[in-house]
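Participant: Turn this into a model:
(2 chains)
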Amino acid sequence: MRIERRLEQPRWLSLAVPLGSLAVASGVMAAVLGATGHDPGHTYRRLVDAAFVAHGALGGTFTFATPLLFTGLAAAAAFRMNLFNIGAEGQFYLGAIGGIGAALWLGGGSSKPELMAVTIAAGAAAGAAWALVPGILRAFGRTNEIITSLMLNYGAAKLLEYLIYTSHSFWRDTVSPSAQTFPLGKTLPAVAQWPLYGRDPTVPFGLLLGIAVAAVLWLLYAKTRFGFEVEVIGDSPRAARYAGMRTRRKILAVMGLSGGVAGIGGAAQMGNFDYALDPRGLQSASYGYTGIVVAALARYNPFAVCLIAVLLGGLQNAGYTLRGADFPSGLVGVMQGIILFCALGGELLIRYRVRIQRLSRGGPPPLPAAEAQP
Amino acid sequence: VNNSITVVVLAQAVLYGTPLLYAALGELLAERSGVLNLGVEGMMLVGAVMGFWTIQRFHAPTVLALVGALGIAALAGAAMSLIHAFLVITLRASQIVSGLALTIFAGAAGLASYLGNDLDLADQPARHSFRNLDVFGLEDAPIAGPIVFGQSALVYASWACVGLVVLYLARTRPGLNLRAVGEAPEAADAMGIDVTAYRYAHVLAGGAFAGVGGACFTLSITPQWDAGITGGAGWIAIALVIFAFWRPELVLVGAYFFGALTALAPNLQARQITNAPHEIFDSLPYLMTVVVLVIVSNGWAKRRLGAPAALGLPYVREER
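Facilitator: Numbers count the residues shown, from 1 in each chain, chains lettered A, B, ... in the order given. Reported below is the predicted structural model:
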């Protein structure tokens, strides 16, 4: 058996391989479920029902998909340049802090569109600023951005806890009776809350905003000079340097863009769903890390991110709805991991072809014919 | 003297540094073979949960139970790293994405949490745990007593491991071969060294070390199970390998430095030395990781003592 590089990658493969990976992953997952004493068929049926079919399930799935859409886009935007920003988690927190902070500060005196625009802008700015720290360190100090961006996630988590649990900050609710027993964040006034459209499925404004951001990112990466240069820098930094591309500026721009998108996600989480900062809730949801799964499964394509975010949002929604003794927490993470592993393994089939041939005894193996012709 | 904050913090630095030391030693072995494994956090957590499970379920004398638990933790960590090894060595997947996938799969919201729930391990104290020894009866000696002579067997074993890894890399045939595989796999291959086998072996060894490092938490530091018990130690371990310029003896120093940062917060709080919010001290290890990383990424250090040349690159004989 030989594995050889494909000269060109057929288009149908980039659809067939992910689907095949998904099928293999469900097989592996069924084996894991069976081995730990759960009935796979029954579990799968309940999963699909709780994620997409049951009354109100799709609306819940959209709720989970919205933050994943933003963090997935954030990861995809950076990973395309081989810039591994895994700090979307922290940038998401900062976006939440900035977004809700701006909306609370403006208060009820402004109109809804104004408040929404300010929330989005403040969230994007806060997320971008947080991402620019590893960005600047990478651009000017050649410091590994994987570790610095990750470490800042813990810093952001501590900041969140400080704002709500240990200080009397602007974000903390000090008035309402329930906040006397347990520290809570200030709640957004109704005028600052983002709209939810329709009923069953309810479509949050944040999801539509995310799709718009995806479209903008696609335009940016597929149709502009900026996108082209980012792609070249990602594929071959040396070639980019010889061509006179400004790598440092691109690193800063892409980190800022990535962090900004994650920050809008945090702002949307506040404006559309949570309405108050909740450190525990945000940390246990770990949208930032799941966003990496979303981006990798979508192969960093913005439109595919939209689709995968809804799929994985469905998985998370089902995991949340079904949580309990027969659906332990962690199962969703295990499933996501297995799907990602299978997709990573499947990459091999896109980039290489596997060819089975018999070795003739005594003589050299026959030359593969297809390889000789370009 | 032994109750002064300096001595207490230093003694605890060794305690908190030990899991970092094990995990970073393992990561160092994997990286020396040319394979970056970002799944340390996940492997540590699975090691932690499986070590804890062993100690709770198997009834044996304390010493036997603890050794068995460490063995199971090492096996669990190695099993996790096998997934990464297969994906990146055999299937040539991206090492960065595969490592991240491993942490997501195995980590605090994945397999470790699933196992902890399924095996019903939460909210119970460990039946056995590593206790501090009194080596040569010197535990109460001033200053050095609590820091050097009053630690647990895990600490002394970790020192032995550092010594063994130093000798292995510098003085043995397989160790030299390993360095060749990480620096120039083509040359190693031409010499007749099996690059694939070396990489598999050392990624697995790295997983085993990470598993033991995770078990340090559930068997020694806080002997119980909680889904996020390692709190980012795996990531600090990866950074440690970079600070240590891929040298095991420097990993030892770095691990205790970060151990001291971790120990600082609770001690300052307990003695009411400072009124600053505890979050600042809690985030010190993470922020200092960034600071130290910036320092070592700059200037002469990086040029002189860099990463293994083939780190992160798959080796494909047909494409060299």
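Participant: Could I get the contacting residues of residue A:36?
Facilitator: residue B:118 (Cβ atoms under 8 Å, 6 or more residues apart in numbering or on different chains). All C-beta spots, glycine's among them, are computed from the backbone N, C-alpha and C.
Participant: and after the helix or strand containing residue B:52, which helix or strand comes next?
Facilitator: For residue B:52, the host element (DSSP states H and E) is helix B:40-57. Next helix or strand after helix B:40-57 toward the C-terminus (DSSP H and E): helix B:62-85.
Participant: Where do the strands of the stretch 101-250 of chain A begin and end?
Facilitator: A:172-173, A:184-185, A:196-197, A:203-204 (DSSP state E, counting those that start in this stretch).
Participant: How far off centre is the second one?
Facilitator: Put simply, strand A:184-185 sits 26 Å off its chain's centre (Cα atoms, centre = their mean, to the nearest Å).
Participant: That strand - contacts with which helices or strands?
Facilitator: Under the contact criterion of 3 or more Cβ pairs under 8 Å, 6 or more residues apart in numbering or on different chains; DSSP states H and E, strand A:184-185 touches strand A:172-173.
Participant: and if you look at the first one?
Facilitator: Judged by 3+ Cβ pairs under 8 Å, 6+ apart, strand A:172-173 is in contact with strand A:184-185.
Participant: Strand partners (parallel or antiparallel) of the strand it packs on?
Facilitator: Here strand A:184-185 is paired, per DSSP bridges, with strand A:172-173 (antiparallel).
Participant: count of residues packed around residue A:226?
Facilitator: 15 (other Cβ atoms under 10 Å in any protein chain shown).
Participant: doesn't residue A:217 make contact with it?
Facilitator: No - here residue A:226 does not reach residue A:217: they are 11.1 Å apart, not a contact under Cβ atoms under 8 Å.
Participant: Looking at the strands of the stretch 101-250 of chain A, which one is packed in the most?
Facilitator: Ranked by average neighbour count under the criterion mean count of other Cβ atoms under 10 Å in any protein chain shown, these are headed by strand A:184-185 at a mean of 22.
Participant: For residue A:171, grab phi and psi.
Facilitator: phi -80, psi -20 (degrees, to the nearest 10).
Participant: And the pLDDT for the nearest residue to it once chain neighbours are set aside?
Facilitator: Using Cβ to Cβ, 6 or more residues apart in numbering or on different chains and skipping the chain neighbours, the partner closest in space to residue A:171 is residue A:163 (4.7 Å). If you check residue A:163, the pLDDT there is 94.
Participant: so residue A:163 touches residue A:277, yeah?
Facilitator: Yes - counting by Cβ under 8 Å, residue A:163 does reach residue A:277; the two are 6.7 Å apart.
Participant: quick one: common contacting residues for those two?
Facilitator: Among the neighbours of residue A:163, those also in contact with residue A:277 (Cβ under 8 Å, 6+ apart) are A:97, A:171, A:185.
Participant: Put together a markdown table for the residues you listed, with pLDDT and distance to residue A:327 on each row.
Facilitator: Output for these, formatted as a markdown table (pLDDT from 0 to 100; distance: Cβ to Cβ, whole Å):
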| residue | pLDDT | distance to residue A:327 |
| --- | --- | --- |
| A:97 | 97 | 32 |
| A:171 | 92 | 34 |
| A:185 | 91 | 29 |
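Participant: Redo those residues as JSON lines? Include distance to residue B:101.
Facilitator: Below are these laid out as JSON lines (distance: Cβ to Cβ, whole Å):
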{"residue": "A:97", "distance to residue B:101": "29"}
{"residue": "A:171", "distance to residue B:101": "34"}
{"residue": "A:185", "distance to residue B:101": "33"}
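Participant: between these, which is nearest residue B:264?
Facilitator: For the shared contacts of residue A:163 and residue A:277, the residue nearest residue B:264 by Cβ to Cβ is residue A:97; the value is 26.3 Å.
Participant: Next up, the contacts around the closest one.
Facilitator: When contacts are counted by Cβ under 8 Å, 6+ apart, residue A:97 touches A:126, A:159-160, A:163, A:171, A:266, A:277.
Participant: Just give me the closest of those to chain B.
Facilitator: Using Cβ to the nearest Cβ, residue A:159 comes nearest to chain B of the contacts of residue A:97, at 7.2 Å.
Participant: Tell me which other helices or strands whichever strand or helix holds residue B:160 touches.
Facilitator: Residue B:160 belongs to helix B:153-171 when assigned by DSSP H and E. Secondary-structure packing of helix B:153-171 (3+ Cβ pairs under 8 Å, 6+ apart): helix B:5-32, helix B:173-183, helix B:248-270.
Participant: From the chain's centroid, how far away is the helix or strand containing residue A:34?
Facilitator: Using DSSP H and E, residue A:34 sits within helix A:13-35. Offset of helix A:13-35 from its chain centre (Cα atoms, centre = their mean): 21 Å.
Participant: Could I get the buried residue list for the very next helix or strand once past it?
Facilitator: Remark: after helix A:13-35, the chain's next helix or strand is helix A:40-48, criterion DSSP H and E. Of the residues in helix A:40-48, A:40, A:43, A:46-47 count as buried by neighbour count, 16 or more other Cβ atoms under 10 Å in any protein chain shown.
Participant: possible to save those as TSV with distance to chain B and pLDDT?
Facilitator: Putting the buried residues of helix A:40-48 into TSV (distance: Cβ to the nearest Cβ, whole Å; pLDDT from 0 to 100) gives the following:
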residue	distance to chain B	pLDDT
A:40	15	88
A:43	13	87
A:46	17	90
A:47	15	89
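Participant: Can you tell me the closest non-neighbouring residue to residue B:193?
Facilitator: Among residues not flanking residue B:193 along the chain, residue B:177 sits closest, at 4.9 Å (Cβ to Cβ, 6+ apart).
Participant: just the helices and strands packed on helix B:153-171: most buried one?
Facilitator: For the helices and strands packed on helix B:153-171, the largest average neighbour count (mean count of other Cβ under 10 Å) is found in helix B:5-32, namely a mean of 25.
Participant: circling back: of the helices and strands packed on helix B:153-171, which is nearest residue A:143?
Facilitator: Of the helices and strands packed on helix B:153-171, nearest to residue A:143 by Cβ to Cβ is helix B:248-270, at 16.2 Å.
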